[in-house]
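K.L.:
what's the 3D shape of this:
(2 chains)
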Protein chains: 2
Amino acid sequence: MPSQEHMKQALQTYVDAFNAGDAAAVCDLYADDAVIEDPVGKPPISGRAAIEEFYANAIAGGAKLSLDGPVRGSYGNRAAMAFTIDVPGMRIRAIDVMTFNADGKIVRMDAHWGPEDIES
Amino acid sequence: MPSQEHMKQALQTYVDAFNAGDAAAVCDLYADDAVIEDPVGKPPISGRAAIEEFYANAIAGGAKLSLDGPVRGSYGNRAAMAFTIDVPGMRIRAIDVMTFNADGKIVRMDAHWGPEDIES
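P.N.:
Okay, the predicted model is just below:
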């Protein structure tokens, strides 16, 4: 199981790399067979190619992330963060939960935000 | 599937009822066969009797909850909230994810907080 420190650092790296426009560094946090459900309730995407496309598009759209508070860990292989996504003309409030594998890579990301969490 | 409004109101009721010391009102948000994993990584508890004991103990311990930001919904049957738990002599930062059934009751609660999310 990855350490709490490792998981929390991974989530901080996720935010920092995303904001730096470094899609490769974000994708590198993921295992090759990772699954992303963003938002929860929509069809998930899986696999490296789909994940790279997802982040390339998100970054190209001008989104910037800011943490709403400290990243949370657990007594297991999950960490979570509440954050705000500012896209030109739109603000989304989300809570992401990341599940890690034994190698410290993210195998699953669940993004909790719904139609009422979008302000335009 | 419950509405976004229903799920968000349930999480707000959870916080308000907890802070009012009303364990019965908190437990009433749950389905009879609900499962609570609090914190994630520790053995879950399930069923009405165990859940009632869990909240009775938490409220008796003097814990008070404050939301860190707006409750998040999803496009599915989940909602999430980041909050702070103040217990006499201790502060815990947590993110709870609640999964609802078709009747609008919580069937699963996952509480993300770890040893490093406790300040004493």
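
K.L.:
please make it C-alpha for all contacts and neighbour counts, starting now.
P.N.:
OK.

K.L.:
spell out which parts of chain A neighbour chain B.
P.N.:
A:4, A:39-42, A:68-70, A:72-82, A:93-95, A:111-117 (C-alpha under 8 Å from any C-alpha of the partner chain).

K.L.:
quick one: the strands in chain A?
P.N.:
Applying DSSP state E to chain A gives strands spanning A:30-37, A:45-46, A:64-67, A:78-87, A:90-100, A:106-112, A:118-119.

K.L.:
tell me which of the ones you listed sits nearest to B:Ile106.
P.N.:
Ranking the strands of chain A by proximity to B:Ile106 (C-alpha to C-alpha) places strand A:106-112 first, at 15.9 Å.

K.L.:
between the closest one and strand A:30-37, how many degrees?
P.N.:
30 degrees (axes from the mean of the first three to the mean of the last three C-alpha atoms, to 10 degrees).

K.L.:
which secondary structure elements does strand A:106-112 contact?
P.N.:
strand A:30-37, strand A:90-100, strand B:78-87 (3 or more C-alpha pairs under 8 Å, 6 or more residues apart in numbering or on different chains; DSSP states H and E).

K.L.:
distance between the first one and the chain's centre?
P.N.:
Strand A:30-37 sits 11 Å away from the centroid of its parent chain (C-alpha atoms, centre = their mean, to the nearest Å).

K.L.:
can you mark which positions in that strand are buried?
P.N.:
By neighbour count on 16 or more other C-alpha atoms under 10 Å in any protein chain shown, the buried set for strand A:30-37 is A:30-32, A:34-37.

K.L.:
could those go into CSV alongside pLDDT?
P.N.:
Shown next, in CSV, are the buried residues of strand A:30-37 (pLDDT from 0 to 100):
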residue, pLDDT
A:Tyr30, 98
A:Ala31, 98
A:Asp32, 96
A:Ala34, 98
A:Val35, 98
A:Ile36, 98
A:Glu37, 98
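
K.L.:
residues of stretch A:88-107 that come out buried?
P.N.:
A:91-101, A:104-107.

K.L.:
top helix in chain A by residue count?
P.N.:
As assigned by DSSP state H, the longest helix anywhere in chain A is helix A:4-19.

K.L.:
low pLDDT regions in chain A?
P.N.:
Within chain A, not a single segment meets pLDDT under 70.

K.L.:
give me the buried subset of the residues of chain A next to chain B.
P.N.:
Judged by 16+ other C-alpha under 10 Å, buried ones among those: A:4, A:39-41, A:68, A:70, A:72-82, A:93-95, A:111-114, A:117.

K.L.:
my guess is A:Leu65 contacts A:Asp86. True?
P.N.:
Yes - with contact taken as C-alpha atoms under 8 Å, A:Leu65 and A:Asp86 are classed as touching, separated by 6.4 Å.

K.L.:
A:Met1 contacts A:Gly104, correct?
P.N.:
Yes - the pair A:Met1 / A:Gly104 is scored as a contact, 7.4 Å apart, by C-alpha under 8 Å.

K.L.:
quick revisit: quick check: angle from the longest helix of chain A to strand A:30-37?
P.N.:
With the same axes, to 10 degrees defining the directions, helix A:4-19 sits at 70 degrees from strand A:30-37.

K.L.:
tell me which strands and helices helix A:4-19 is in contact with?
P.N.:
helix A:23-27, strand A:64-67, strand A:78-87.

K.L.:
export the ones you listed to a markdown table and tack on distance to B:Tyr55?
P.N.:
A markdown table is the format used below for those (distance: least, C-alpha to C-alpha, whole Å):
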| stretch | distance to B:Tyr55 |
| --- | --- |
| helix A:23-27 | 39 |
| strand A:64-67 | 29 |
| strand A:78-87 | 23 |
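
K.L.:
tell me which of those sits most buried.
P.N.:
strand A:78-87 (a mean of 22; mean count of other C-alpha atoms under 10 Å in any protein chain shown).
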